[in-house]
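S.K.: structure, please.
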Amino acid sequence: MNGQLTNWAGNVQFQAKEISSPSSLGQLQALVAHTSHIRAVGTRHSFNQLADSTGVMVSLADLPPAVEIDSDTATVKVAAGMRYAELAPILDAKAFALHNLASLPHISIAGACATATHGSGVANGSLATAVSQLEMVTADGDVIPIGRADNGDQFNGSVVSLGALGIVASLTLDLVPSFEMRQHVYEGLPLEILDDHFNEIVSSAYSVCLFTDWRSSRLTQVWINQRDDEPDPWVAGSAWFAATSADGPRHPVDGVSPISCTEQLGVPGRWFERLPHFRADFAPSAGEELQSEYLIRRQDAVDALHELARVREQINQVLQICEVRTAAADELWLSPCYRQDTVSIHFTWTADPQAVLPAVALVEKQLDPFRPRPHWAKIFTTPPEIVQSHYERLPDFRDLMRHYDPGGKFRNSFINQYLGMT
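M.R.: All right, here's what the predicted structure looks like:
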């Protein structure tokens with residue numbers, strides 16, 4: 001298998017000697033206990049070597065897809081290998097929902113939570129903030145629960161773990177009552193409008209996503225998701241902050257068919273059919289892209305966007321689209337949102353690493369004054385010592401690694417390099 005398995009985008013060839021897919025928890029425990037180096041791999045929607053292993057990679061996709069809803073506590077226990085696209089309709093049928101979803105519903109639940117992947121909304125935390133308990137297979141093959149109620153601060157260090165503490169077998173997630181949403185798209189918002197109205201715009205609905213191709217000083221699109229039980233802050237079809245209402249469905253990338261996108265034009269739909277950008281019944285693209293993402297303090301968003309505008313001519317040649325979203329602060333030690341309300345600035349690049357890396361470095365240079373925290377699973381060139389300096393609880397997380405995995409079974413070169421383990 002060596003040299004054959006790649007990530008979703010095809011820019012990383014995994015070095016693992018084999019990939020295993022246990023079909024039971026007992027098989028997973030035995031595999032972990034008798035393997036010297038092992039890492040979990042989810043839906044491979046990463047763009048760097050985070051998931052790689054010099055030994056075995058284990059997929060959890062074949063574990064029983066258990067879904068245990070507890071209506072009294074408004075929680076659900078799910079198998080770690082499940083995808084959000086599989087879980088969401090089951091929850092909705094029982095009148096429950098998750099508080100947020102990422103732009104792609106095709107990603108695995110455990111992988112998204114372990115990397116603090118997020119959706120959008122000023123009051124919405126990352127997907128990991130829904131986790132109230134996880135069950136983890138430790139280095140010796142034991143299964144231990146780690147919960148918000150019982151393990152306190154150690155729990156905050158264990159949720160966004162980058163797979164470095166053990167193999168998460170199941171997660172318990174907080175639920176909210178199910179709801180409907182309407183999605184509107186506006187076009188052509190001048191960038192300078194954000195100078196005085198950024199907070200007003202991003203707070204105007206449950207979820208607001210801003211897009212620009214950096215070919216001019218404007219936002220190409222604004223995607224607005226409003227709960228159906230809340231009033232619209234605008235008049236559908238009319239101008240909004242100098243932007244115009246789209247006259248038909250849109251894809252975030254200009255000129256690409258919107259057939260794979262979730263329904264727009266204000267048509268009501270269930271939460272899981274509107275919060276993601278892309279429909280669950282359409283496979284995501286074959287990987288003709290690379291991605292980077294940086295999270296900064298929300299109060300720095302406008303200044304950071306102006307800094308990027310200064311170099312837009314240098315980056316737009318290899319850029320497909322740039323997206324700006326918000327996420328609420330959390331207490332999870334390795335989360336880019338740790339104790340700061342954030343804005344994420346996401347770049348979807350062309351699939352040419354050699355051409356893209358100089359643009360990535362330029363973006364990082366422009367954002368450097370704002371102490372950007374890169375998304376753990378995407379492309380970045382920030383030196384490890386700089387990344388480490390942005391996480392004040394990293395020394396505590398190193399202690400957790402030594403406690404749960406003293407032999408380094410779950411580590412790889414990425415973990416050792418960026419978390420400072422020797």
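S.K.: mind giving me the domain ranges of the protein?
M.R.: 67-177, 181-384 (automatic domain parsing).
S.K.: contact partners for residue 94?
M.R.: 69, 71 (C-beta atoms under 8 Å, 6 or more residues apart in numbering). In this view, the C-beta of every residue, glycine as well, is placed from N, C-alpha and C.
S.K.: what's near enough to touch residue 290?
M.R.: 9, 11, 47, 348-353, 356, 379.
S.K.: now which of these would you call buried?
M.R.: With neighbours counted by 16 or more other C-beta atoms under 10 Å, those contain buried members at 9, 11, 47, 348-349, 351, 356, 379.
S.K.: so which of those sit within strands?
M.R.: 348-349 (DSSP state E).
S.K.: what's the most distant pair in the buried ones among the contacts of residue 290?
M.R.: 11 and 348 (13.3 Å; C-beta to C-beta).
S.K.: CSV for the contacts of residue 290, including distance to residue 409?
M.R.: Below are these laid out as CSV (distance: C-beta to C-beta, whole Å):
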residue, distance to residue 409
9, 27
11, 27
47, 25
348, 34
349, 34
350, 37
351, 33
352, 36
353, 30
356, 33
379, 27
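S.K.: go through those residues and say which is closest to residue 230.
M.R.: residue 348 (29.9 Å).
S.K.: my guess is the closest one meets residue 293, correct?
M.R.: No: Residue 348 is beyond contact range of residue 293, at 9.6 Å (criterion: C-beta atoms under 8 Å).
S.K.: doesn't residue 396 fall inside a helix?
M.R.: Yes: the assignment for residue 396 by DSSP: H, G, I helix; E, B strand; the rest coil puts it in a helix.
S.K.: buried residues in stretch 43-61?
M.R.: Those would be 43-53, 55-61, for stretch 43-61 by 16+ other C-beta under 10 Å.
S.K.: so which of those residues are in strands?
M.R.: 56-59.
S.K.: now, the most widely separated pair of these?
M.R.: 56 and 59 (10.3 Å).
S.K.: what sits in contact with each of the two?
M.R.: Common neighbours of residue 56 and residue 59, counting by C-beta under 8 Å, 6+ apart, are 19-20.
S.K.: just checking, residue 248 touches residue 265?
M.R.: Yes: using C-beta under 8 Å, residue 248 is in contact with residue 265, at 7.4 Å.
S.K.: mutual contacts of the two, please.
M.R.: With C-beta under 8 Å, 6+ apart as the test, residue 248 and residue 265 reach no residue in common.
S.K.: looking at those two, which one has more neighbours?
M.R.: Using other C-beta atoms under 10 Å as the criterion, residue 248 and residue 265 rank with residue 265 on top: 16 against 8.
S.K.: got a list of what the nearest residue to residue 400 once chain neighbours are set aside touches?
M.R.: Excluding its sequence neighbours, the residue lying closest to residue 400 (C-beta to C-beta, 6 or more residues apart in numbering) is residue 157, at 5.2 Å. Contacts for residue 157 (C-beta under 8 Å, 6+ apart) come out as 332-334, 393, 396-397, 400.
S.K.: give me the subset of those residues that lies in strands.
M.R.: Judged by DSSP E, the contacts of residue 157 include no members of strands.
S.K.: export those residues to JSON lines and tack on distance to residue 384 and pLDDT?
M.R.: Putting the contacts of residue 157 into JSON lines (distance: C-beta to C-beta, whole Å; pLDDT from 0 to 100) gives the following:
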{"residue": "332", "distance to residue 384": "20", "pLDDT": "98"}
{"residue": "333", "distance to residue 384": "17", "pLDDT": "98"}
{"residue": "334", "distance to residue 384": "14", "pLDDT": "98"}
{"residue": "393", "distance to residue 384": "17", "pLDDT": "98"}
{"residue": "396", "distance to residue 384": "18", "pLDDT": "98"}
{"residue": "397", "distance to residue 384": "14", "pLDDT": "98"}
{"residue": "400", "distance to residue 384": "19", "pLDDT": "97"}
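S.K.: among the contacts of residue 290, which one lies nearest to residue 180?
M.R.: residue 348 (28.7 Å).
S.K.: what about dumping the CA coordinates of the longest helix seen in the chain to PDB?
M.R.: The longest helix of the chain (DSSP state H) is helix 353-367. In PDB, the C-alpha atoms belonging to helix 353-367 read as follows (Å, rounded to 0.1, in the frame of the first residue of the first chain):
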ATOM      1  CA  PRO A 353       1.600  23.400  -4.900                       C
ATOM      2  CA  GLN A 354       4.700  25.000  -6.500                       C
ATOM      3  CA  ALA A 355       2.700  28.100  -7.600                       C
ATOM      4  CA  VAL A 356       0.600  28.200  -4.500                       C
ATOM      5  CA  LEU A 357       3.300  28.100  -1.800                       C
ATOM      6  CA  PRO A 358       4.700  31.500  -2.500                       C
ATOM      7  CA  ALA A 359       1.200  33.000  -2.300                       C
ATOM      8  CA  VAL A 360       0.600  31.200   1.000                       C
ATOM      9  CA  ALA A 361       3.800  32.700   2.400                       C
ATOM     10  CA  LEU A 362       2.800  36.100   1.200                       C
ATOM     11  CA  VAL A 363      -0.600  35.800   2.900                       C
ATOM     12  CA  GLU A 364       1.100  34.800   6.100                       C
ATOM     13  CA  LYS A 365       3.400  37.800   5.900                       C
ATOM     14  CA  GLN A 366       0.400  40.100   5.600                       C
ATOM     15  CA  LEU A 367      -1.400  38.500   8.400                       C
END
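S.K.: who does that helix touch, helix- and strand-wise?
M.R.: If contacts are counted by 3 or more C-beta pairs under 8 Å, 6 or more residues apart in numbering; DSSP states H and E, helix 353-367 sits against strand 290-297, helix 301-309, helix 312-315, strand 342-349.
S.K.: so what's residue 81 up against?
M.R.: 42, 59-63, 65, 108-110.
S.K.: kindly reformat the residues you listed as JSON lines containing pLDDT and distance to residue 203.
M.R.: Listed next are these as JSON lines, based on pLDDT from 0 to 100; distance: C-beta to C-beta, whole Å:
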{"residue": "42", "pLDDT": "87", "distance to residue 203": "32"}
{"residue": "59", "pLDDT": "95", "distance to residue 203": "40"}
{"residue": "60", "pLDDT": "95", "distance to residue 203": "37"}
{"residue": "61", "pLDDT": "93", "distance to residue 203": "38"}
{"residue": "62", "pLDDT": "95", "distance to residue 203": "42"}
{"residue": "63", "pLDDT": "94", "distance to residue 203": "40"}
{"residue": "65", "pLDDT": "93", "distance to residue 203": "37"}
{"residue": "108", "pLDDT": "95", "distance to residue 203": "31"}
{"residue": "109", "pLDDT": "97", "distance to residue 203": "28"}
{"residue": "110", "pLDDT": "96", "distance to residue 203": "31"}
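S.K.: appreciated, that's everything.
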